[in-house]
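1. Sequence and predicted structure, then a few things I'm wondering about:
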Amino acid sequence: MTFFGRMLWVIAFRSLLQHRVRTLILGAAIAGVTALLVTLTGAFVGIRTTLLLSATTLMSGHVNVAGFYKASASAGAPVVTNYKKLRAIIDREVPELDYVVQRGRGWAKLVSESSSQQAGIGGIDITNEPGFRQVVQVKEGSLDGLTKPNAMLIFEAQAKKLGVNVGDTMTIVAPTFRGTSNTVDVIVVAIAADIGMLSSWNTFMNDQGLRQLYQLNDESTGALQLYLKDLDQVKPVQERLRKVLAAEGFELMDPDPRPYFAKFDSVNRENWTGQKLDVTNWEEETSFVQWIVTALTALATIVIIVLMAIIGVGIMNVMWISIRERTREIGTLRAVGMQRDAVLAMFVAEGTLLGVMSTSVGGLLGVLGSLALTRARIALPPSWQFVFFSERLVISPTVFWVLTSVGFITVAITLISIIPSFLAARLKPITAMSHVG
Amino acid sequence: MSAIVTITDVVKEYSLGATVVQALRGVSLTVDKGEFISIAGPSGSGKTTLLNLIGCVDTATRGVVEVAGKNTANMSERELTNLRLNTIGFIFQSFNLVSVLTVFQNVEFPLLLQNKLNAKERKERVESLLEQVGLLTHLKHRPNELSGGQRQRVAIARALVTDPLIVLADEPTANLDSETGQAILDLMRSLNQKKGTTFIFSTHDHRVMRYANAVVRIADGKVKGRESPQEAVAHEMELGPDPTLSTEVRAS
């Protein structure tokens, strides 16, 4: 930077310091908006992280190899036959794999002594589910109980609705994939903490128990859920698997970014029988809840735009006041030989400096506030849990989003400050020097 | 001596709503290099307007203004700014220092705009000038920490730091007490004699006119004549005090 450039920054900094009350008020407003933006982006990251964690624990892998088996054209079942062969292909073709689990998939009626409800049932081999234990918080009972054939895990809200406790018996009534109805009695071995809206219709039972319910053999399952070491590899792995499985002679369904349970109708309308595989990712399986993230993003965008407009008007006004107060100074500087672009640069530097200082403070406050709120483990009311996919408030500010928020607001403030700065630079020296006020 | 400023039939009009006011009505004037010249006249006579035209901060409605051999009417805004930077120094009635800069930085500022000297050379130049105006011990002071006379001396140092051909001073002593005003004029004259810089300053104070080599008398937007300081003072005595000035100023 030239000495002259440095001098412009010195003038900008000292001018801000000279009018410190005004600077503090506007700076506090900018810092507040920045902190809000950092917190909001942190909340989105928190929601997305929690959604990812809960969705990939309860109902999806990062990538899923699943599909439908149709004994007749109109009787599709979410079943994958001969899954061990598929597993071998996956092990061979996906080096990005962390681990893979097989889950049974079913939809049944849970009947207790006092109530009933429809729910999805995941058939789970708890001895082979490393991620499940990390995410699901058991409030009553034990996950180890799921090793027994007719054992079942439900969530708190479900237990409350059904009026059951650990050790109680329920009956599951399910239409089998052959068109008949089957029932089985299960014992509740664990009640887990709710995980947002996803846990409201998911339950788990021992995978052998689920096979018995649906009269499936040991070679069949609902889905192979793949967990990858790097989430950025989801799409490439999904694409690769589609190609590899097609090359291996498997029939594949057309790509359809909907969860499996939304595909029953369309699958049953198609005129084919036998097995077709469907390779999906976690975002597709949770597309029915992605609207929440979209809605929150839209809401936050509106809030930020409104706040930025208010801040923008504030900045313009403050710069106008500053320019009015310093009009004679502008005239003097122009008279002694300062070019218009230098005057412009001097005032833009002031706006930028105010922006950088305020957004830095705001970013820091946003991060500290977010961490404090998360650490406080604030319990969310049930309706909020539904949206946040969590019992407690989780705000996860990331370096990327903090820098993006700080950068965005700084750039916006700089751009806003160009308008009054430009008009200041256009002042004729004689006009500026004869300014009274 | 060769002319450094030539003004020929210059008219300057201002619009005040529907009314057009003629501040200068066909002024012609030549100022030679190295002159220490005063433009004298009552308030509203057109002194400041004339200085503004010479200083290229304003443009004439009609007529020709040549500064350092250049017709200012044919120059772009950028060229005029460069002409001011490299050729002209300004001393204002109200000092017009940048309040957030120190004494050193205020004086250094035009050198930074010129971007011709390195940091060491700039420091030497600025300190040398501040020594000449007696403010070497006030380098780090801000303008609000100085008296009026000290501020005007800083303004003089700033005006001279680029080694300009012309220094324009608009009522340089108007805001100073008589003793400080006299010291400032002594300083200006001494710099004029040492460096040969042309000084053009406006005043309506006959005590100030005495310092000039020549006095250009201006009234009602017209040059009434060029006089020696003695003639100008005598003329001033005949006219009596400027009726536009306050009693307090007239008494000073």
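-> That came through fine.

2. what about the strands in the stretch 201-350 of chain A?
-> A:202-206, A:223-228, A:274-281 (DSSP state E, counting those that start in this stretch).

3. Tabulate those in a markdown table, adding columns for mean neighbour count and mean pLDDT.
-> Yep, even glycine has a C-beta here, placed from its N, CA and C like the rest. Formatted as a markdown table, the entries for the strands of the stretch 201-350 of chain A read as follows, by neighbours: other Cβ atoms under 10 Å in any protein chain shown; pLDDT from 0 to 100:
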| stretch | mean neighbour count | mean pLDDT |
| --- | --- | --- |
| strand A:202-206 | 25 | 92 |
| strand A:223-228 | 24 | 93 |
| strand A:274-281 | 20 | 94 |
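
4. touching chain A at all, stretch B:4-14?
-> No. Using Cβ under 8 Å from any Cβ of the partner chain as the criterion, no contacts between stretch B:4-14 and chain A are found, and the smallest distance is 10.4 Å.

5. Surely A:Leu365 touches A:Leu37?
-> No. In this structure, A:Leu365 is not within contact of A:Leu37 by Cβ atoms under 8 Å, at 11.3 Å.

6. Compare these two and say which is more crowded by neighbours.
-> A:Leu37 (26 against 17; other Cβ atoms under 10 Å in any protein chain shown).

7. Work out for me the element that one sits within.
-> A:Leu37 is located in helix A:20-58, with elements delineated by DSSP states H and E.

8. Report whether that helix contacts chain B.
-> No. Under the criterion of Cβ under 8 Å from any Cβ, helix A:20-58 makes no contact with chain B; the nearest approach is 12.1 Å.

9. still on that earlier bit, can you redo the strands of the stretch 201-350 of chain A as a markdown table with distance to chain B?
-> Compiled in a markdown table, the strands of the stretch 201-350 of chain A are given as follows (distance: least, Cβ to the nearest Cβ, whole Å):
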| stretch | distance to chain B |
| --- | --- |
| strand A:202-206 | 65 |
| strand A:223-228 | 57 |
| strand A:274-281 | 58 |
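
10. Of all those, which one comes closest to A:Met152?
-> strand A:202-206 (4.5 Å; Cβ to Cβ).

11. Show me what that closest one pairs with in its sheet, parallel or antiparallel.
-> strand A:116-124 (parallel), strand A:151-155 (antiparallel) (DSSP bridges).

12. What's the per-residue pLDDT of residue 152 here?
-> As the question left the chain open, I've gone with chain A. Note on A:Met152: pLDDT of 94.

13. switch to chain B, that's the one I care about
-> 88.

14. got the contact list for stretch B:24-35?
-> Judged by Cβ atoms under 8 Å, 6 or more residues apart in numbering or on different chains, the contacts made with stretch B:24-35 from elsewhere in the structure are B:1-12, B:37, B:46, B:49-50, B:53-54, B:60, B:63, B:165-166, B:192, B:196-200, B:213-214, B:216, B:218, B:220-223.

15. repeat that for 7 Å
-> When contacts are defined by Cβ atoms under 7 Å, 6 or more residues apart in numbering or on different chains, stretch B:24-35 is touched by residues B:1-12, B:37, B:46, B:49-50, B:196, B:198, B:200, B:213-214, B:216, B:221-223.
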